[in-house]
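Engineer: okay, sequence plus prediction incoming.
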Amino acid sequence: MHRRNGYARRTVAMVCAVAVVAGCSSDAGVRSGPSADSRAGTLPTSTAAPGSSTTTPDGQPSTTVVPPTVPTPAADGVGDELFPSLGFTGIDVQHYDVVLSYDPSADTIAGSVAIDLQATAPLEVFSLDAVGLEVERVSIDGTDVAFEVGRDALVVQPIRPLNVGESAQVEVLYNAAPNAGAGVVGIPNGWFHSTGGSYVLNEPDGARTWMPCNDHPSDKATFTFDLTVPAGMAAVANGDFVSHDSSSAGERWVWAEAEPMATYLILLLTGDYVVSEATTSGGLPLINVTLSGDEDLLDEYVRITDEQLAFFEPFFGPYPLDRYGLAITDSFGGLAMETQGRSLFSRDDMVGQQGYIEHLLLAHELAHQWYGNAVTPARWIDIWLNESFATYAQWMWLEHVGFGTVDEFALDALRARVLGATGRPAAGDMFSFSTYDGGATVLHALRITVGDDAFFELLRGWVQDHIGQSKSTLDFIAFAQQVTGTDLAAFFDDWLFSENKPDDFP
Ligand SMILES: [Zn+2]
């Protein structure tokens, strides 16, 4: 994500100060930390017993078996320091099959999500992240099972415990009327309404407000999206375009993301969009999306993207995914997102900006496809592994096209002296200047310390050796020491973990 913060050379507005979202609610809630009952919650529960049905297909009450009490999972989240309740330790999701119908005029989602998962621990119960969803039914391998809806989780009880290594398909039928809400980090996320449609911004924990999922970057999976919208509308998600057909039910658009993806990187747009295909001069397929009437915007941005790919690849290695593209929507300005394989931009940020902002945003979100998307943070406290690298890449590109030098950008950031401990942010600071520009100063100091050759060998190797995985800051430090053959413990203590960075570069 690129968050416009108090950039030293060209200050622009803070996004969270201007992000006013119609109908914004606080449904997402603010978690106070791990607790045994935070996943089962205190909301009225909606529980169905195996084989029973609480309503008939026409909505009339039917005979209901008294449901068993679903026990709360022993584990609470995957142990993320910043978001203790996110994710579930005992499952590894392989694939999500997301089927949604969305009508902007009714503003409701009818959905089903089929989740192919593997148990990584013996499971009597397990949970999925879910906030504000009205769950109708949960099945495992086609058989209805007991479930309980809590404040921020859907707790599921298999008919018999799952063994370690056992695979299962969990299907959740649900309805939702999602509204983006202010998340823990103070930036609204989730499902946003736009003119005649919608878009999502999920980082870090918004996906769970519109679909049940293991909403943590440590669990990447492939996805299919089967989206139905009213006649005349388009629906766009990540990955390859599979099909589009029209029927009396509306327009059905199917997309498939074959590369492992974290839930926070989901792209989902509905509205009056035009989808177009192109190929870069290097042969990379592009699928671009603009609002109807904005198609002419693409020519210049695709040209810049083409040049950026050619510029970055010698430094970062081959583009790591199977495709790329630009999606330009009418979101609130000041926020761009590296949605996997097709970055999302606000048209307000891109139109009439005299080059600088377009170059900055296009470079930043493209670089994230290597740093964040191909290799993803294992925990949210590792967010600098995303934003430092994207910011450093942005500096490199801005230098390349004559907007300044990397040395100048780095010195400006270091002299801002508001950097803090880049490697240990609090949840509310994860998208701060310390993470972005502060983190980029860490990389600049590392480059000076180990030399250009070792530095870029490290950047290329980090992606090449860990593509498709989620890795931590400690993994990066160990890898950096291995690649450079240098003891960097004191370096990272000084630059990454101390509250005050050194006064000057090495
Ligand atoms: Zn970013």
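Structural biologist: Received it, and whenever you're ready, just let me know what you need. Numbering: from 1, shown residues only.

Engineer: which residues of this protein lie near the ion?
Structural biologist: 1, 2, 387, 390 (C-beta under 5 Å from the ion). Where C-beta positions appear, they are placed from N, C-alpha and C, glycine not excepted.

Engineer: and the last one, which of the three is it?
Structural biologist: Read that as residue 390. helix (DSSP: H, G, I helix; E, B strand; the rest coil).

Engineer: how near is it to residue 338?
Structural biologist: Residue 390 sits 7 Å away from residue 338, going by C-beta to C-beta, to the nearest Å.

Engineer: what is the burial count for the residue of the stretch 151-300 of the chain found nearest the ion?
Structural biologist: Here the stretch 151-300 of the chain gets closest to the ion at one residue, residue 203, 9.0 Å apart by C-beta to the ion. For residue 203, the count of nearby residues is 28 (other C-beta atoms under 10 Å).

Engineer: which residue packs closest to it, ignoring adjacent ones?
Structural biologist: In space, and not counting its chain neighbours, residue 203 is closest to residue 264: 4.2 Å by C-beta to C-beta, 6 or more residues apart in numbering.

Engineer: domain parsing for this structure?
Structural biologist: Under the assignment automatic domain parsing, the domains of the chain span 74-230, 376-497.

Engineer: now the ones you listed as TSV including mean pLDDT?
Structural biologist: Putting the domains of the chain into TSV (pLDDT from 0 to 100) gives the following:
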stretch	mean pLDDT
domain 74-230	94
domain 376-497	96
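
Engineer: so for residue 363, which of those domains sits nearest?
Structural biologist: domain 376-497 (3.7 Å; C-beta to C-beta).

Engineer: what's the span of the closest one, first residue to last?
Structural biologist: Using C-alpha to C-alpha, to the nearest Å, the end-to-end distance of domain 376-497 comes to 20 Å.

Engineer: show residues contacting the longest helix along the chain.
Structural biologist: Across the chain, the longest stretch assigned as helix under DSSP state H is helix 297-316. The contact list for helix 297-316, computed with C-beta atoms under 8 Å, 6 or more residues apart in numbering, reads 276, 278, 280-282, 284, 286, 288, 290, 319, 324, 326, 328, 347, 350-351, 358-359, 362-363, 366-367, 370-371, 393, 396-397, 400, 456, 459-460, 463.

Engineer: those in helices, which ones?
Structural biologist: Short answer: those in helices (DSSP H) are 347, 350, 358-359, 362-363, 366-367, 393, 396-397, 400, 456, 459-460, 463.

Engineer: give me the buried subset of those.
Structural biologist: Those of the ones in helices among the contacts of helix 297-316 that meet the buried threshold are 350, 358-359, 362-363, 366-367, 393, 396-397, 456, 459-460, 463, by 16 or more other C-beta atoms under 10 Å.

Engineer: just the residues you listed now: which is nearest the ion?
Structural biologist: residue 367 (8.2 Å).

Engineer: show me where the protein has helices.
Structural biologist: Assigned by DSSP H, the chain shows helices spanning 15-18, 297-316, 347-350, 356-368, 384-400, 406-416, 437-450, 452-466, 473-484, 489-492.

Engineer: for those helices, give me TSV that also has distance to residue 140.
Structural biologist: Shown next, in TSV, are the helices of the chain (distance: least, C-beta to C-beta, whole Å):
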stretch	distance to residue 140
helix 15-18	40
helix 297-316	41
helix 347-350	43
helix 356-368	35
helix 384-400	34
helix 406-416	50
helix 437-450	42
helix 452-466	32
helix 473-484	34
helix 489-492	44
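
Engineer: which stretch among the ones you listed comes nearest residue 256?
Structural biologist: helix 356-368 (21.1 Å).

Engineer: what does that closest one rub up against?
Structural biologist: 2, 10, 12, 300-301, 304-305, 308-309, 312, 316, 324, 326, 336-338, 343-345, 349-350, 386, 389-394, 396-398, 401, 403.

Engineer: repeat for stretch 480-488
Structural biologist: So stretch 480-488 is contacted by 446, 449, 450, 454, 457, 458, 461, 477, 489 (C-beta under 8 Å, 6+ apart).

Engineer: highest neighbour count among the residues you listed?
Structural biologist: Result: residue 446 is most packed of the contacts of stretch 480-488 (other C-beta under 10 Å), 24 neighbours.

Engineer: quick one: the closest residue to that one other than its chain neighbours and residue 477, what's the gap?
Structural biologist: Once flanking residues are discounted, residue 446 sits nearest to residue 455: 6.3 Å by C-beta to C-beta, 6+ apart. Counting by C-beta to C-beta, the separation of residue 455 from residue 477 is 14 Å.

Engineer: and for residue 435?
Structural biologist: From residue 435 across to residue 477, the span is 17 Å (C-beta to C-beta).

Engineer: got the contact list for the residue nearest to residue 203?
Structural biologist: Taking C-beta under 8 Å, 6+ apart, we find residue 264 in contact with 202, 203, 204, 205, 206, 207, 215, 217.

Engineer: farthest pair in those?
Structural biologist: It's 206 and 217 that sit farthest apart of the contacts of residue 264, by C-beta to C-beta, at 12.9 Å.

Engineer: burial of residue 315, as a residue count?
Structural biologist: Residues near residue 315, counting by other C-beta under 10 Å: 16.
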